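Visitor: Below are the sequence and a predicted model; questions follow.
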Amino acid sequence: MTSKAENQARFGVPVDSMVFARGVRKSFGNAEVLKGIDLNVPTGSVACVIGPSGSGKSTFLRCINHLEEVSGGVLLVDGEFVGYDLRHGKLYEVNNKLLCQRRADIGMVFQSFNLFSHMTALENLIEAPIMVRGMSKGEAKDKAHALLERVGLSAKADAYPRQLSGGQQQRVAIARALAMNPKVLLFDEPTSALDPELVGEVLVVMRDLAESGMTMVVVTHEIGFAREVGDQLIFMDGGVVEERGEPREMIANPQSPRTREFLSHVL
Ligand code: ADP
Ligand code: MG
């Protein structure tokens, strides 16, 4: 097992990098879905990812979170290997315990909320800290109440998901991810399933998180959020990064015709 510093030095990863991808590839059978993705997300920054359906955005997030194994390239989260190029040999041992630990440090928020439907909001928040982190029930509950307050839902601790609106469920899902003290939070179109009037309350929570210094990778079609909150904007198309840049600049003046075309549909 190599140390974080050794890993970073070996691949020229900036020391403040939280997520680092170079030439990341992913195939499903003969279909190559990611064709060499490069990305560096410095600690405390927000990267927003846009792109048409099928361009590989979710697959890339799933690779970062060990839900998919990368087929090539180098992928590190906080200096720890998630993926590796076969040319470099096997750089880490994958076993279930290690995977479990790594996933615990990487929060993920899905389009469809994915709350445990038979558990209250509070129960959703305390489950993983108790089961995975070994936190005491009392401590987990205290933390859960504080997090529910943070997302504006302290009155809903005992509500079941079906008793909550979509926006409220997604705020519980964000609080649940935070309950694990993740190093980085991944969002996969977190507002795409919401009625338009509920989108804002979720974006407010996400903006608050960004301002508090959380490192975030956000796949979203909310261009206003990307412009105001994102530190970098990535446009993916056909499994490659077609364009990247400072969000305001890129949205105002996209260089690639494909970026321009895409933005004209979502702006
Ligand atoms: P996006 O999130 O940008 O819409 P995805 O990452 O979901 O794109 O999908 C990219 C491509 O990969 C699509 O063509 C999709 O059909 C394919 N794909 C995703 N997951 C799998 C899988 N488990 N098996 C086979 N193909 C997949
Ligand atoms: Mg997707």
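Guide: Nice, I can see it. Ligands and ions are numbered 1, 2, ... in the order given.
Visitor: where does the stretch 101-250 of the chain dip in pLDDT?
Guide: Within the stretch 101-250 of the chain, no stretch has pLDDT under 70.
Visitor: That one: helices as residue ranges?
Guide: Ranges of helices in the stretch 101-250 of the chain, per DSSP state H, counting those that start in this stretch, are 121-131, 137-150, 166-178, 196-211, 223-229, 247-252.
Visitor: residues from the stretch 51-200 of the chain in reach of ligand 1?
Guide: Gly51, Ser53, Gly54, Ser55, Gly56, Lys57, Ser58, Thr59 (C-beta under 6 Å from any ligand atom). In this view, the C-beta of every residue, glycine as well, is placed from N, C-alpha and C.
Visitor: any idea which helix or strand carries the third one?
Guide: Spelled out, that is Gly54. Using DSSP states H and E, Gly54 maps to neither a helix nor a strand.
Visitor: What separation is there between the nearest residue to Gly79 once chain neighbours are set aside and ligand 2?
Guide: Leaving aside its sequence neighbours, Gly79 sits nearest to Lys4 (C-beta to C-beta, 6 or more residues apart in numbering; 3.1 Å). To ligand 2, Lys4 is 30 Å away according to C-beta to the ion, to the nearest Å.
Visitor: so who does Lys4 touch?
Guide: With contacts defined as C-beta atoms under 8 Å, 6 or more residues apart in numbering, Lys4 is in contact with Asp78, Gly79, Glu80.
Visitor: The last one pairs with what?
Guide: Taking DSSP bridges as the rule, Glu80 bridges to Val77.
Visitor: And the strands in the protein?
Guide: 17-28, 31-42, 46-50, 72-77, 80-83, 106-109, 184-188, 216-219, 232-237, 240-245 (DSSP state E).
Visitor: how far away is the closest residue to ligand 2 within the chain from Glu149?
Guide: The minimum distance from the chain to ligand 2, using C-beta to the ion, falls at Ser58 (3.2 Å). Computed as C-beta to C-beta, to the nearest Å, the Ser58 to Glu149 distance reads 31 Å.
Visitor: Who has more neighbours out of these two?
Guide: The neighbour count for Ser58 versus Glu149, taken as other C-beta atoms under 10 Å, is higher for Ser58 (20 against 13).
Visitor: still on that earlier bit, can you tell me which of the contacts of Lys4 are classed as buried?
Guide: Buried members of the contacts of Lys4, scored by 16 or more other C-beta atoms under 10 Å, are Asp78, Gly79, Glu80.
Visitor: Tell me the one among the residues you listed nearest to Ser212.
Guide: Asp78 (18.1 Å; C-beta to C-beta).
Visitor: picking up where we left off before, relative to Arg258, which of the buried ones among the contacts of Lys4 is nearest.
Guide: Taking the buried ones among the contacts of Lys4 together and measuring to Arg258 by C-beta to C-beta, the closest member is Asp78, at 32.3 Å.
Visitor: returning to that earlier point: burial measure for the nearest residue to the residue of the chain closest to ligand 2 once chain neighbours are set aside, as a count.
Guide: Distances taken as C-beta to C-beta, 6+ apart place Asp188 nearest to Ser58, at 5.5 Å, with adjacent residues excluded. Residues near Asp188, counting by other C-beta under 10 Å, number 21.
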